[in-house]
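**Q** here is a sequence with its predicted model. Questions after.
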Amino acid sequence: MAYGTNPDERYSYGEVSDEDRREFLKALGVIAGAGVAGATLGDLRSEVSTGSTAGLAEMGESLRSGLTGSLDQALLTSELSALASSFEQLPQLQAMGVPEQGQSAYRELTTGAWAINDHLAAVGFFSSAEETLPAFTPEHIETTTRQLLHIDSLPATLGELGFSGQEQAALVANIVNAREQLSWWMPTLEYPPAEAVDDGVVHEYVAPLQQRAAEGSLLWIDGLDHFLWQRAVLVTPEMIDRGLWDIKSMLGGYYLLGSAARDLAAGSIADEHLTTLITAGSAIMIIAQEFLLHDVVRITDDKRAPMAGAR
Amino acid sequence: MTFESHLEELPEDAPWHEKPGESDIEQHDTDQIPEVDVTEDDLLASGSTTENWLMYGNNYENQRHYVGEEITPDNVGQLEVEYQFEHLTPQNDFQGSPIIIQGDPPVMYITFGPDHVHALNARTGEFLWSHVYEPYVGTSEESPSAERGVSVLGDRIYTSTLDLGVQALDRYTGEEEWYFNGAAAYRGEPAENVMHEELQWERAVGTTSSFPPIIYNGRLSKGSFGGEYGVSGFYDAIDLEGNIEWRVNMTPEHEWVGDSWRHGGATAWPAGALDPRTEQIVIPSANPGPWYGTVRPGFNPYSAGKVGVDANTGEYAWHFQDAPHDWWDYDSSNPPMVIQGEIDGEQTSMAVWAGKTGWIYTVNMETGQLYQRSEEHVQHLNMWALPPQDDLESAPWVMPELQGGTNPQASAYDPHTQTYVVKGTNQPMKFSWYEVEYEAGENYIGMDTIRAEPVADEPEEEEEEEEELGADEDENDDDEPGDEEEEEVEDDEDDDEDEEEDPALMDDPRPDEWNGYHSVIVGLDPLTGRIKWRDWLDIETSTAGGCVSTPTGLTFAGTPEGEFVAYATETGERVWVDDIGVGVDGDPIIWHDPYEEKTYVAITAGGRRGGALDENLAGNVVTVYSLST
């Protein structure tokens, strides 16, 4: 079976197993021995060198110069704060279980992110990212992941959002360990040649990669109130738990992307970090939404709540 | 996210009444057709009377249940062939359900592909008139054009045409009263010529369908098709003079990323149902496009499921997706049915349908909440496994395949025994996706597929297991793998063709888990979700066509190898079988003729082209049985 068709493999739910950690390190050129204890960002960072950052700064610079409007630092700061507060709601969602009819608890998680999203779209952020950043090739994932591990502020940023040390490592490991599925998400500009179709409709109708990552995540989260209520007869607490990790990951990925934009507005981010955070944030959102589908949306008989005949 | 109304704005300057094609009418002894005024009250009563079969599913609820008690398990063997009507050219274009209008004689109206409508003396099969419409976009000669019948009201019958239109025909003469051009506007833009350019392509298998409109409260409503051509779906309501009233956009823009909605599919090609109690229509919706999902993240509502809308206004009521963000062509093509069930002590309308996903869904009509998902009615294997990219050879075998589960085969319901009888396809398939560009009028799928080779030996009998299944309380009762025999299987609704020497099959011709049966007919309780019986069909292709039930405990259904079977509805026992000799892909109907004191059972046979069937089983024949009562 080609890798990528069985999502159970190589995905960490908030805790990186020894096997997943070994796979992660192997992908980054580190041959881990039998002793693979410890899996925080610090542990991973200590084993992975920064490597080459070739091109990341140039990409960031091009992205910055490709914006068609001005980033609003105040708006981004404010809405990032709203987004950060969404993480505090996750335990309540777990306690709530299946939503009642008409509830909007999941949808409320994304209010801040949608405001950021609308602003980023309006200033050409996604378009510029699409023009600038490469596809999720193994090389690009490796380069950006090495760089991501060595961003000093990353653990603190994620920690403030409520990601434990194990969860922080899981976020990063999932980028690398689910890289094949990630590679399926091609940049719009790599779609079949525009001259093969009428008036370049391919580029017209496929949204930029980072926009698909971001808005796809928000659409999935927004739909869960309805989806879970509608399928209450099938839903189990395990689905809720796993789904909440996927949601936390998506919101975390969105926060990294949004915070990079905020820091860009403030002029306080290095170009290579801009590239790294946008790439990593998008990757996290893509992988998490793929696994949300696996964990919550596509309910097989062996996962569903027991069927007890007429209810 | 809100699922408010998604009604489109409709341009007044579109060529709504311009007909993009020509008609040819042939008339014979049309004076035989009695003048009978068919009213909306008659339509409402269609399922509760014995002399008419006035709509596709017999009643608005689509239950395909005949209320007469003339045919019983004891006398079903006395059914005799009253006549057969053959329509020879082209062959294999029967997939629908005739309607019957009472009178002396009763008249049968029936469709063939492409865009043929015939009126027959239902008592003798005498040919009275035909109306053949030829849309200028053309139709494929290689594939059936999937005509599924007509609607009736007053002195007219109405047909959905293969170019997305509706024709109103004088039902006494076959002459045209008006034509509604459903391709006159698209996404709010009027066509520059007669049809919008993105809705023009040769009509072919899997992308063409003509289900009869629903007629209710002074308007007709019908869906669209072409999901594999990169269109976005819509569902129209028009008044009785062919004027557009409202259009539901099946790919609401704000629920899709970027402009992916524009080619998002979610067409509404199969038959809908209507619940007169709630005045809601249940619209079946097709798969999203393209098949691979990375360009359209999110749920992609309303694709691959059902959408409940107000029958008068089109306003959104609810939606349910069988396969959110589908990758496997699991469009929800099975005609929905409305039944009554008890929820919290109250009689409640439920929508029931069989998914291509291999489960039967029972949904509260008032809220859209899932009440029950049944046990699997076909085998599941690697369910929801994502297809790899450009790697068909190492792709996992997946069941159900793209035909299902259940495709547009119309199920029947017996309210007395609370038994839903459904046909299913039980074949393994591999999927592998590739990037595809959109081009107007061209396929927009992006998926390679191949089916397992047929089993070499006879499938093992599974009677013991099936007996256990009925009483087993374990909801995950999987089928044991049987010995496998194989044959090449063709897809009658898909363009992808198998090659015996395909590398994808060389080392992996079929999965061990497959029981070897390609098709199945199943009886189950849609409220408990429990399967009562299964008749695995030892045939070499998928089964198509629908069923009809009676209050005397019989359900009639056909098989692709020419059998027409009467089952005991509650147990699945084969009470009577006749060999028609032509693959039975149509939907059986029953009516009583009080003038002759006979009860008739009609079945259309011969609905597929291509290699799926033995050539001996090709044809186009309506077989009408009778029983003196």
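**A** Done, it's in.
**Q** show me the shaky parts of chain B.
**A** Confidence mapping of chain B against pLDDT under 70 gives the ranges B:1-5, B:89, B:142-145, B:204-208, B:436-444, B:456-500, B:609-616.
**Q** centroid residue for it?
**A** Computing the C-alpha centroid of chain B and ranking residues by Cα atoms, centre = their mean puts B:Pro408 first, at 2.5 Å.
**Q** so that one touches B:Pro335, yeah?
**A** Yes. Contact criterion Cβ atoms under 8 Å: B:Pro408 and B:Pro335 qualify, at 6.6 Å. All C-beta spots, glycine's among them, are computed from the backbone N, C-alpha and C.
**Q** what helix or strand does the spatially closest residue to B:Ser519 that is not a sequence neighbour sit in?
**A** If the residues on either side of it in the chain are set aside, B:Ser519 comes closest to B:Thr543, at 3.7 Å by Cβ to Cβ, 6 or more residues apart in numbering or on different chains. Counting by DSSP states H and E, B:Thr543 is held by no secondary-structure element, helix or strand.
**Q** tally of neighbours for B:Thr543?
**A** 27 (other Cβ atoms under 10 Å in any protein chain shown).
**Q** what's the spacing between it and chain A?
**A** From B:Thr543 over to chain A the distance is 23 Å, taken as Cβ to the nearest Cβ, to the nearest Å.
**Q** contacting residues around that residue?
**A** If a contact means Cβ atoms under 8 Å, 6 or more residues apart in numbering or on different chains, then B:Thr543 has B:Gln409, B:Lys423, B:Gly424, B:Thr425, B:His518, B:Ser519, B:Val520, B:Ile521, B:Leu537, B:Thr559, B:Pro560 as its contacts.
**Q** cool, B:Ala14 as well?
**A** Contacts were defined as Cβ under 8 Å, 6+ apart; by that measure B:Ala14 touches B:Asn181, B:Ala184, B:Ala185, B:Pro190, B:Ala191.
**Q** look up how far chain A lies from it.
**A** 21 Å.
**Q** where does that residue sit: helix, strand or coil?
**A** When classified by DSSP: H, G, I helix; E, B strand; the rest coil, B:Ala14 comes out as coil.
**Q** with just CA atoms, put stretch B:80-88 into CSV.
**A** Output of stretch B:80-88 as CSV, limited to C-alpha atoms (Å, rounded to 0.1, in the frame of the first residue of the first chain):
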residue,chain,number,x,y,z
GLU,B,80,-48.5,-14.7,-17.3
VAL,B,81,-46.9,-12.6,-19.9
GLU,B,82,-49.7,-10.4,-21.3
TYR,B,83,-47.5,-8.8,-23.9
GLN,B,84,-44.0,-7.6,-24.6
PHE,B,85,-43.2,-4.3,-26.3
GLU,B,86,-39.9,-4.1,-28.0
HIS,B,87,-38.1,-0.9,-28.9
LEU,B,88,-35.2,-2.1,-31.0
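**Q** report the buried residues of it.
**A** For stretch B:80-88, burial by neighbour count (16 or more other Cβ atoms under 10 Å in any protein chain shown) applies to B:Glu82, B:Tyr83, B:Phe85, B:His87.
**Q** for stretch B:137-154, same thing?
**A** B:137-140, B:143-153.
**Q** next one: stretch B:402-415
**A** B:402-414.
**Q** and for stretch B:267-283?
**A** For stretch B:267-283, by 16+ other Cβ under 10 Å, it's B:267-276, B:278, B:280-283.
**Q** widest-spaced pair of those residues?
**A** B:Thr267 and B:Pro276 (25.6 Å; Cβ to Cβ).
**Q** what about the residue with the largest distance to the centre of chain B, distance to chain A?
**A** In terms of distance from the mean C-alpha position of chain B, B:Asp507 ranks first, at 35.4 Å (Cα atoms, centre = their mean). For B:Asp507, the distance to chain A equals 13 Å [Cβ to the nearest Cβ].
**Q** that residue and B:Glu393, how far apart?
**A** 8 Å (Cβ to Cβ, to the nearest Å).
**Q** which residue sits closest to A:Thr144, ignoring its sequence neighbours?
**A** A:Thr279 is the one closest to A:Thr144 (Cβ to Cβ, 6+ apart), at 4.6 Å.
**Q** looks to me like that neighbour is in a helix.
**A** Yes. Assessed with three-state DSSP, A:Thr279 lies in a helix.
**Q** quick check: residues of the stretch 201-311 of chain A near chain B?
**A** A:201-202, A:204-208, A:211-213, A:215-217, A:219-220, A:222-223, A:225-227, A:229-234, A:289, A:293-294, A:297-298, A:300-302, A:304, A:306-307, A:309-311 (Cβ under 8 Å from any Cβ of the partner chain).
**Q** what's the local residue count around A:Gln94?
**A** 13.
**Q** could you look up the SS state of it?
**A** Per three-state DSSP, A:Gln94 ends up helix.
**Q** any idea whether the closest residue to it other than its chain neighbours is helix, strand or coil?
**A** With sequence-adjacent residues excluded and distances taken as Cβ to Cβ, 6+ apart, A:Gln94 is closest to A:Leu244, at 5.6 Å. Here A:Leu244 takes the helix state, with states given by three-state DSSP.
**Q** check B:Tyr179 too.
**A** State at B:Tyr179, reduced to three classes by three-state DSSP: strand.
**Q** so it makes contact with B:Val166?
**A** Yes. Shown here, B:Tyr179 and B:Val166 form a contact pair, counting by Cβ under 8 Å, at 7.3 Å.
**Q** and the next element down the chain from the helix or strand bottoming out on mean pLDDT in chain A?
**A** Least confident element among the helices and strands of chain A, by mean pLDDT, DSSP states H and E: helix A:201-205 (a mean of 56). Using DSSP H and E, the next helix or strand after helix A:201-205 towards the C-terminus is helix A:209-230.
**Q** same question for that following helix, mean pLDDT?
**A** Averaging pLDDT along helix A:209-230 yields 97.
**Q** which positions in that helix come out as buried?
**A** A:209-230.
**Q** run the chain-centre distance for it.
**A** Distance, stretch centre to chain centre, for helix A:209-230: 12 Å (Cα atoms, centre = their mean, to the nearest Å).
**Q** which helices and strands sit right next to it?
**A** helix A:111-122, helix A:125-132, helix A:237-266, helix A:271-292 (3 or more Cβ pairs under 8 Å, 6 or more residues apart in numbering or on different chains; DSSP states H and E).
**Q** run the last query once more with 10 Å
**A** Secondary-structure packing of helix A:209-230 (3 or more Cβ pairs under 10 Å, 6 or more residues apart in numbering or on different chains; DSSP states H and E): helix A:90-96, helix A:111-122, helix A:125-132, helix A:237-266, helix A:271-292, strand B:316-321.
**Q** now these in a markdown table, with distance to A:Ser52?
**A** Listed next are the helices and strands packed on helix A:209-230 as a markdown table, based on distance: least, Cβ to Cβ, whole Å:
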| stretch | distance to A:Ser52 |
| --- | --- |
| helix A:90-96 | 37 |
| helix A:111-122 | 29 |
| helix A:125-132 | 18 |
| helix A:237-266 | 21 |
| helix A:271-292 | 11 |
| strand B:316-321 | 45 |
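**Q** this completes my enquiry, with thanks.
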